[in-house]
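Participant: Mind looking at a prediction? Sequence and model below.
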Amino acid sequence: MSYPLFLTLHLFAALVFIGTVFFEVLFLESIRKQLPAKVMVLLEQGISRRARQLMPWVLLTLFGAGAAMVWLRYWPTLSAPWESSFGLLLGLKIALAGSVLGHFLWAMWLFRSARMNARYVQIIHTSVFIHLLAIVLLAKGMFYLTW
């Protein structure tokens, strides 16, 4: 497969993942105040069930395509990230992406061990939301910021 195909897969997977997190953080929290608690519980259960089915595949595509892009084009840059602003920003972006993956794995463990609660959901969603904002800014900044 060529770089443009991996880039397209990476971007589509990022859209799905980032869109899901943005929806949960920016919309679902405000909807909570407008719906009865029982309806909200059913809504959250349905969204959560679908996300647990879909997100592992989305993340596999996202990280797999990202790794392929690094392998095909960016490995020399990442071997010496301090030598360019692009390499440094890409390295930071990859580190944040690794942290997001860690959050996802932690959330999956909490669900499987029946320890997930509303507080963990809020902490994980807020942290991932902030991480994703930084990743998007770094992704754009890699091509426009130089020093």
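Facilitator: In hand now; what should we look at? Numbering: from 1, shown residues only.

Participant: counting contacts, what elements does the worst-scoring helix or strand of the chain on mean pLDDT pack onto?
Facilitator: Least confident element among the helices and strands of the chain, by mean pLDDT, DSSP states H and E: helix 29-32 (a mean of 86). Applying 3 or more CB pairs under 8 Å, 6 or more residues apart in numbering; DSSP states H and E, one finds that helix 29-32 contacts helix 37-69. For every residue, glycine as well, the C-beta is placed using N, CA and C.

Participant: Name the next helix or strand downstream of the helix it packs on, please.
Facilitator: Per DSSP states H and E, the first helix or strand lying C-terminal to helix 37-69 is helix 75-79.

Participant: now that following helix: how far from the chain's centre is it?
Facilitator: Distance, stretch centre to chain centre, for helix 75-79: 23 Å (CA atoms, centre = their mean, to the nearest Å).

Participant: The next helix or strand after that helix to helix 37-69, inter-axis angle?
Facilitator: Downstream of helix 75-79, the first helix or strand assigned by DSSP H and E is helix 85-112. Here helix 85-112 runs at an angle of 140 degrees relative to helix 37-69 (axes from the mean of the first three to the mean of the last three CA atoms, to 10 degrees).

Participant: residues of helix 85-112 that come out buried?
Facilitator: In terms of neighbour count (16 or more other CB atoms under 10 Å), helix 85-112 has its buried residues at 86-94, 96-97, 100, 103-104, 107.

Participant: same question, stretch 4-13
Facilitator: Buried, per 16+ other CB under 10 Å, within stretch 4-13: 6, 7, 9, 10, 13.

Participant: Contacts for that stretch, please.
Facilitator: Contact with stretch 4-13 is made by 58, 59, 61, 62, 64, 65, 66, 68, 69, 72, as judged by CB atoms under 8 Å, 6 or more residues apart in numbering.

Participant: C-alpha coordinates for that stretch, PDB please?
Facilitator: Extracted in PDB, the C-alpha atoms of stretch 4-13 (Å, rounded to 0.1, in the frame of the first residue of the first chain):
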ATOM      1  CA  PRO A   4      -1.600   8.300   0.400                       C
ATOM      2  CA  LEU A   5      -3.800   5.300   1.100                       C
ATOM      3  CA  PHE A   6      -2.400   5.000   4.700                       C
ATOM      4  CA  LEU A   7      -2.800   8.800   5.100                       C
ATOM      5  CA  THR A   8      -6.500   8.500   4.000                       C
ATOM      6  CA  LEU A   9      -7.200   5.600   6.400                       C
ATOM      7  CA  HIS A  10      -5.500   7.500   9.200                       C
ATOM      8  CA  LEU A  11      -7.500  10.600   8.600                       C
ATOM      9  CA  PHE A  12     -10.900   8.800   8.400                       C
ATOM     10  CA  ALA A  13     -10.100   6.800  11.500                       C
END
